[in-house]
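Enquirer: Got a predicted structure plus its sequence, pasted below:
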Number of protein chains: 6
Amino acid sequence: MRPSGRNLDEMRPISIETGVTKHAEGSCLIRCGDTHVLCTATIEERVPPFMRNSGQGWVTAEYGMLPRSTSSRMRREATQGKQGGRTVEIQRLIGRALRAGVDRVALGERQITIDCDVIQADGGTRCASITGGWVALRLAINKLIKAGDIVTDPLISNVAAVSCGIYAGQPVLDLDYPEDSEAGVDGNFIMMANGQLIETQMSAEGATYSRAQMNELLDLAEKGVAELVAAQNAAVA
Amino acid sequence: MRPSGRNLDEMRPISIETGVTKHAEGSCLIRCGDTHVLCTATIEERVPPFMRNSGQGWVTAEYGMLPRSTSSRMRREATQGKQGGRTVEIQRLIGRALRAGVDRVALGERQITIDCDVIQADGGTRCASITGGWVALRLAINKLIKAGDIVTDPLISNVAAVSCGIYAGQPVLDLDYPEDSEAGVDGNFIMMANGQLIETQMSAEGATYSRAQMNELLDLAEKGVAELVAAQNAAVA
Amino acid sequence: MRPSGRNLDEMRPISIETGVTKHAEGSCLIRCGDTHVLCTATIEERVPPFMRNSGQGWVTAEYGMLPRSTSSRMRREATQGKQGGRTVEIQRLIGRALRAGVDRVALGERQITIDCDVIQADGGTRCASITGGWVALRLAINKLIKAGDIVTDPLISNVAAVSCGIYAGQPVLDLDYPEDSEAGVDGNFIMMANGQLIETQMSAEGATYSRAQMNELLDLAEKGVAELVAAQNAAVA
Amino acid sequence: MRPSGRNLDEMRPISIETGVTKHAEGSCLIRCGDTHVLCTATIEERVPPFMRNSGQGWVTAEYGMLPRSTSSRMRREATQGKQGGRTVEIQRLIGRALRAGVDRVALGERQITIDCDVIQADGGTRCASITGGWVALRLAINKLIKAGDIVTDPLISNVAAVSCGIYAGQPVLDLDYPEDSEAGVDGNFIMMANGQLIETQMSAEGATYSRAQMNELLDLAEKGVAELVAAQNAAVA
Amino acid sequence: MRPSGRNLDEMRPISIETGVTKHAEGSCLIRCGDTHVLCTATIEERVPPFMRNSGQGWVTAEYGMLPRSTSSRMRREATQGKQGGRTVEIQRLIGRALRAGVDRVALGERQITIDCDVIQADGGTRCASITGGWVALRLAINKLIKAGDIVTDPLISNVAAVSCGIYAGQPVLDLDYPEDSEAGVDGNFIMMANGQLIETQMSAEGATYSRAQMNELLDLAEKGVAELVAAQNAAVA
Amino acid sequence: MRPSGRNLDEMRPISIETGVTKHAEGSCLIRCGDTHVLCTATIEERVPPFMRNSGQGWVTAEYGMLPRSTSSRMRREATQGKQGGRTVEIQRLIGRALRAGVDRVALGERQITIDCDVIQADGGTRCASITGGWVALRLAINKLIKAGDIVTDPLISNVAAVSCGIYAGQPVLDLDYPEDSEAGVDGNFIMMANGQLIETQMSAEGATYSRAQMNELLDLAEKGVAELVAAQNAAVA
């Protein structure tokens, strides 16, 4: 029934390649099917003004899409003079999600910026950014620990995200672009390794959903996140 | 236990005053406790480019805060040269929520813009904007129906929104600012009159939540939305 | 002869409601007929760079119109990326006018910002902003005096403003929108309680005026300002 | 008593050199003492959207200062991303003033843009821009008349402007920069050749003025404008 | 003598991988040593306004750097509200260079946009962008020819670019970042396959160069471009 | 053969008038035929952040065109919200060129800004800006030397620039606008008084050039620069 022929609860193939750029303190190229996102982590020994002298660190994120990562070319945000509303929403989400998995006191007063740049898009770029962003973050923090700059590991748990939705009347896991553009209800679920929720966003345009449907999607999301966490752990091993 | 002395499942007093500006096709001033939002509806006989010749209408929203609606003065967005990320996120949410309750074919090829301007803020401004925005929308559509410009009522149902969160370890309904700034988990729930969900946003910063807790908040939200729908209906009667 | 049926030298009904927002140090909602402006005063214990270490304070103003304060909806300036020329002109005028009534040494090295936001427009918004802005300023300064932060009252006099113009060949006081849009000559007069002038702006587009006509408008303005000063005094009493 | 040694009612030397750039349809370099402004007129056979199919023309103006036209270098507005408030105010004034002297039906549906660029500033740049801008406009219109594109002369009268103020307690004509920066009251008076007023702007910061003082400045302004009109007429002869 | 141990006239290893993104009409990832640039070509059946109805096509380019393509993180241009001066200069250069190798009449009235996004930077990103951009352009045009949309091949010749400079007093080919940041003189040479020049940019900051030195660099550039052309031809074969 | 009737190796008449504005530390109006550029130098006793505490000075440049310096009116960059790509490219070039002739240690930790504003354009404005900008710089530095603020002259040599190109198949010196808009190849050559090169930019759009042709243009440029240096020296004598 799904355009890709996948089962309702089947993820796309996941691949996480680490160390893809020589400059960043942590980096990976995550591929969830045809969605490819380059994630880098940058460590800076300073925090934003509102965190100064708090003894705590900060994790933030930025998101972008290359102009031809999509089926028809998008205008480059730098030439439009600002980031669009969707971009701002997504990068705020990525930052918030990753911070939920960090002990900011253990991190110490420094900032880690996760850049997520979409090389090729086929649905689910924000979820791939969170999942891949966590890998870049993990690698950067490993470097700090190895260098003795951090004593206690500030990462509480893996953080991973997956989208689910109601497509052609059925709950499906890990929407690709053809599904995403047709789905009546569509949610993003961000979780820790133990299934605790960090963020739920589930929205309908021109439709509604019941609590029962919401629970079906959460069941799918738990399965998906477990697979993503396994892929993260394999990548950083 | 709550700073305001309310019960865990108690809403703030709701007041919806309609017809507050002579120019708009629909308007109200909604007060949810000390959160006051002015909502106006503007009808225009044109749609955005991507909807032209579709035979369907469009509903969109814009959101703003007066500089001194908050405890300390915020910079005016017009002087900063752009709307901030939070503003953009909120106005996209309001528009999406209200559109979910509209039959856009019945509306016909016209646009209704809902402006939500926060006069005084004390937590929950986005939820108050949705609830009040629906009232302004209802009044504007009544005008179109009365004038014979629309035959079938395009409003499928009321749309209302409430925030719930986990404050001091307890699930509470309708967070005010002192609660909002302390809550570990905080969600916005947008529903129709029959309790069907339109949008769920539930997030944690530096914490997580279980599915059981999510369900407790949904129970509270259902109670709150029922009260808001009653207030909407009384206001437009 | 006037669309509203008023006499040539008759003001619209004036109402000034104070204490309309709980956060601001001073606030009022001024209504001059159907023109309604919300004015708030914010005290900050810092001055702009060019005033630092001068021992003197600063009073400044910002002005905005809600998108649907007008008969047809205006684009929100925050989405246009800048304040328009008219807005900038008006807020510079408000600030300059209010400063003329302030002893900046007595104020001490602090800044008071007056925000004037037009809720509903029907002509004369800049004059209403000045008259209402002075009330917000007066209330904020009363608070500083009461708290012992200021010893000598820095307010030299009331400051109030009214528009007059030549409408259908006749000099008229306090133009409303239908008059304003038809007037060949149109002036704004800002005065102190004793009738001394702070600012005169009198302009003609596609017409001219004589010194005799200018004097007739000044006579009307003196009458109008006296009534506005009485309303200010009643409001802050 | 004046820093320049001039009499109270004495203008600075005026020089108006026409034809200073080969591209513009009309141009002059006006020198009022050490204030030098290059004024050009550009004719375009189109009008702004709000004037289309009205059968009437439009006259507009833009104003700028070269970065080092002033005693200390100002930042270039093009690098700041916008025109400042003062610039916007001034160019709106110039356009409004010049339009007051134009029969827009006789002009026909075309636009004339007057660019006023300050090469060297020493007070009174907006008045010099209006006076010189009128000369550029006159020359451009002469060209249209000569080419037979216009039959009836659309220029009703000369338009010229001068500043006056109260300096060291005395009313003085044509303020230069040292006077302007010290004057308690300062006005700009725009008139036609016959002394009819087009625009009066008279303001005080930290002071006030009486109607008697206003009349003294108007007397001076009439004298100054008469001299400017003579210089304009000599230049375009 | 060179930090990398290369001979004076030795290029870095070149690799050009084509077909790296499924959406673009042509694409490659070019690697010149540690400088990696993703180049995509987008065909659109429209031209910019200034080319309409000319019967000719247009080729243009945009350039960007991922924030962490460099040794320390650069601010994202989209968040700064504009493309920097260096970016604008480079993308104008890439477009101009590629257009020089195109018969725009044979291309027909369509536009091809080349996006060059630097994934990892180590000197010479503009040259790599031109060389890789040409490959993406070649592949996109092949597609048009194969589809029968173009009859005559509009590509006159390969276009490739290389940098040379005077490093530690010696003329060297293909500067990497450590050389680039130390070189007193530094040039970019853009050529066709036959060695004809399209663009020369050779500049010195705080130094100068003689015509003899310029000729030495041109000799090196000819050698480098020949190798790049061979790599291009191998990639598109 | 040239539209102006000049010989192939003949410059336009050069005139450099110094001291044209009373405020700047150095200034000139350079006229190369009908291209007229006003150049001013501003000395500031501070350097940009990246130069602080380096003991070295900085020279930078800004470039602008008056809206009607061209045959048809250009939009003012200040109203467009940014400097165009061409402007940015040119002002970076001017700054880089002038810095090449400066011993920045001898200059001391201060900044000199050269503003080049085109009053009338007829081709070659960037070259005229460099040549005239050097004169303004020389005058400003003379002032510093005379005042004893600088001991050793930081100017190593004159810096001057000229354009050459291939017009109608012939190499020609000092292109004017009619030639510039038709030339297949067009170069800007910046040199010191002794003929040493500072910057070469030679580009072709839709054409190419050989090394032999490049050498012919360099021969012409050497002749032109020698004449410009003589004019500079006469002007500052």
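Expert: Arrived safely, thanks for sending.

Enquirer: ok, A:Ile150 touching A:Leu107?
Expert: Yes: between A:Ile150 and A:Leu107 there is a contact at 6.9 Å, judged by Cβ atoms under 8 Å. (Glycine included, C-beta is placed from N, CA and C.)

Enquirer: In contact with the spatially closest residue to A:Met192 that is not a sequence neighbour, which residues?
Expert: Nearest non-adjacent residue to A:Met192, counting by Cβ to Cβ, 6 or more residues apart in numbering or on different chains: A:Ser157, 4.0 Å away. When contacts are counted by Cβ atoms under 8 Å, 6 or more residues apart in numbering or on different chains, A:Ser157 touches A:101, A:192-194, A:196.

Enquirer: So in chain A, where's the weakest helix or strand by average pLDDT?
Expert: helix A:77-80 (a mean of 88; mean pLDDT, DSSP states H and E).

Enquirer: so what does the very next helix or strand once past that one touch, helix or strand wise?
Expert: Per DSSP states H and E, the first helix or strand lying C-terminal to helix A:77-80 is helix A:85-100. The helices and strands touching helix A:85-100, judged by 3 or more Cβ pairs under 8 Å, 6 or more residues apart in numbering or on different chains; DSSP states H and E, are strand A:58-65, strand A:111-120, helix A:125-146, strand A:159-167, strand A:185-192, strand A:197-204, helix B:85-100.

Enquirer: Dump those into TSV; add mean pLDDT as well.
Expert: Below are the helices and strands packed on helix A:85-100 laid out as TSV (pLDDT from 0 to 100):
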stretch	mean pLDDT
strand A:58-65	98
strand A:111-120	98
helix A:125-146	98
strand A:159-167	97
strand A:185-192	96
strand A:197-204	95
helix B:85-100	94
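
Enquirer: okay, these, which one's buried deepest?
Expert: Per residue and on average, the most neighbours among those fall to strand A:159-167, with a mean of 27 (mean count of other Cβ atoms under 10 Å in any protein chain shown).

Enquirer: Could you see whether chain B lies near it?
Expert: No: shown here: strand A:159-167 not in contact with chain B (Cβ under 8 Å from any Cβ of the partner chain), separated by at least 9.8 Å.

Enquirer: packing partners for that strand?
Expert: Judged by 3+ Cβ pairs under 8 Å, 6+ apart, strand A:159-167 is in contact with helix A:85-100, helix A:125-146, strand A:170-173, helix A:177-180, strand A:185-192, helix A:211-236.

Enquirer: For C:Arg126, find the nearest of the ones you listed.
Expert: helix A:85-100 (32.9 Å; Cβ to Cβ).

Enquirer: Need the contact partners of the closest one.
Expert: Residues contacting helix A:85-100 (Cβ under 8 Å, 6+ apart): A:58-65, A:77, A:83, A:114, A:116, A:125-126, A:129-130, A:133-134, A:137, A:159, A:161, A:188, A:190, A:192, A:198-199, A:201, B:85, B:88-89, B:92, B:203-208, E:78.

Enquirer: helix or strand right after it?
Expert: Following helix A:85-100 in sequence, per DSSP H and E, is helix A:104-107.

Enquirer: measure A:Ala207 to chain E for me?
Expert: 29 Å (Cβ to the nearest Cβ, to the nearest Å).

Enquirer: So that residue is in contact with A:Ala183, correct?
Expert: No: counting by Cβ under 8 Å, A:Ala183 is not a contact partner of A:Ala207; they are 9.2 Å apart.

Enquirer: Between the two, which is the more surrounded one?
Expert: The residue with more neighbours, out of A:Ala207 and A:Ala183, is A:Ala183; 21 against 14, by other Cβ atoms under 10 Å in any protein chain shown.

Enquirer: Surely A:Arg76 touches E:Gly64?
Expert: Yes: look at A:Arg76 against E:Gly64 with Cβ under 8 Å: they come within range, at 6.6 Å.

Enquirer: Common neighbours of these two, please.
Expert: What both A:Arg76 and E:Gly64 touch, as defined by Cβ under 8 Å, 6+ apart, is the set E:Asp115.

Enquirer: Look up how far chain E lies from A:Pro13.
Expert: Taking Cβ to the nearest Cβ, one finds A:Pro13 at 15 Å from chain E.

Enquirer: Spatially nearest residue to that residue (excluding sequence neighbours)?
Expert: Sequence neighbours aside, A:Gly33 is the residue nearest to A:Pro13 in space, at 6.2 Å (criterion: Cβ to Cβ, 6+ apart).

Enquirer: Can you report how many residues lie near that neighbour?
Expert: 20.

Enquirer: got it, and A:Asn53?
Expert: Count around A:Asn53 with other Cβ under 10 Å applied: 7.

Enquirer: now the closest residue to it other than its chain neighbours, what's its secondary structure?
Expert: Nearest residue to A:Asn53 in three dimensions, chain neighbours excluded: A:Glu109, at 7.8 Å (Cβ to Cβ, 6+ apart). The three-state label given to A:Glu109 by DSSP: H, G, I helix; E, B strand; the rest coil is coil.

Enquirer: A:Glu109: what's it in contact with?
Expert: A:Glu109 is in contact with A:47, A:51-57, counting by Cβ under 8 Å, 6+ apart.

Enquirer: Tell me the one among the residues you listed nearest to D:Glu179.
Expert: Closest approach to D:Glu179 among these (Cβ to Cβ): A:Arg52, at 47.8 Å.

Enquirer: which element is A:His149 on?
Expert: His isn't right for residue A:149; it's Asp. Going by DSSP H and E, A:Asp149 is not part of any helix or strand.

Enquirer: and the closest residue to it other than its chain neighbours, what are its phi and psi?
Expert: Excluding the flanking residues, the one nearest A:Asp149 by Cβ to Cβ, 6+ apart is A:Gly108, at 7.5 Å. Main-chain torsions, A:Gly108, degrees, to the nearest 10: phi 80, psi 170.

Enquirer: how about A:Gly108, what does it touch?
Expert: Contacts of A:Gly108 were listed using Cβ under 8 Å, 6+ apart, and they are A:55-57, A:149-150.

Enquirer: how about those residues in CSV, adding neighbour count and pLDDT?
Expert: Formatted as CSV, these follow (neighbours: other Cβ atoms under 10 Å in any protein chain shown; pLDDT from 0 to 100):
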residue, neighbour count, pLDDT
A:Gly55, 11, 92
A:Gln56, 16, 95
A:Gly57, 22, 97
A:Asp149, 13, 96
A:Ile150, 18, 96
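
Enquirer: is it true that A:Met1 touches A:Ala168?
Expert: Yes: contact criterion Cβ under 8 Å: A:Met1 and A:Ala168 qualify, at 6.3 Å.

Enquirer: Verify the stated contact: A:Lys22 with E:Gly33.
Expert: No: using Cβ under 8 Å, A:Lys22 makes no contact with E:Gly33, being 10.9 Å away.

Enquirer: Leaving out the residues flanking it, which one is nearest to the spatially most central residue of chain A?
Expert: Chain A has A:Ile130 as the residue nearest its centroid, 1.3 Å off, counting by Cα atoms, centre = their mean. Of all residues not flanking A:Ile130 in the chain, A:Ala161 sits nearest, at 4.0 Å (Cβ to Cβ, 6+ apart).

Enquirer: Which residues of chain A lie near chain C?
Expert: Near chain C, the residues belonging to chain A are A:Gly81 when assessed by Cβ under 8 Å from any Cβ.

Enquirer: one more time with 10 Å
Expert: A:81-82 (Cβ under 10 Å from any Cβ of the partner chain).

Enquirer: Please identify which residue in chain A comes closest to chain C.
Expert: Taking Cβ to the nearest Cβ, chain C has its nearest neighbour within chain A at A:Gly81, 7.7 Å off.

Enquirer: and the residue of chain A found nearest chain F, what is it in contact with?
Expert: Closest to chain F within chain A is A:Gly81: 7.7 Å, counting by Cβ to the nearest Cβ. Residues near A:Gly81 by Cβ atoms under 10 Å, 6 or more residues apart in numbering or on different chains: B:81-82, C:81, D:81, E:77-78, E:80-83, F:81-82.
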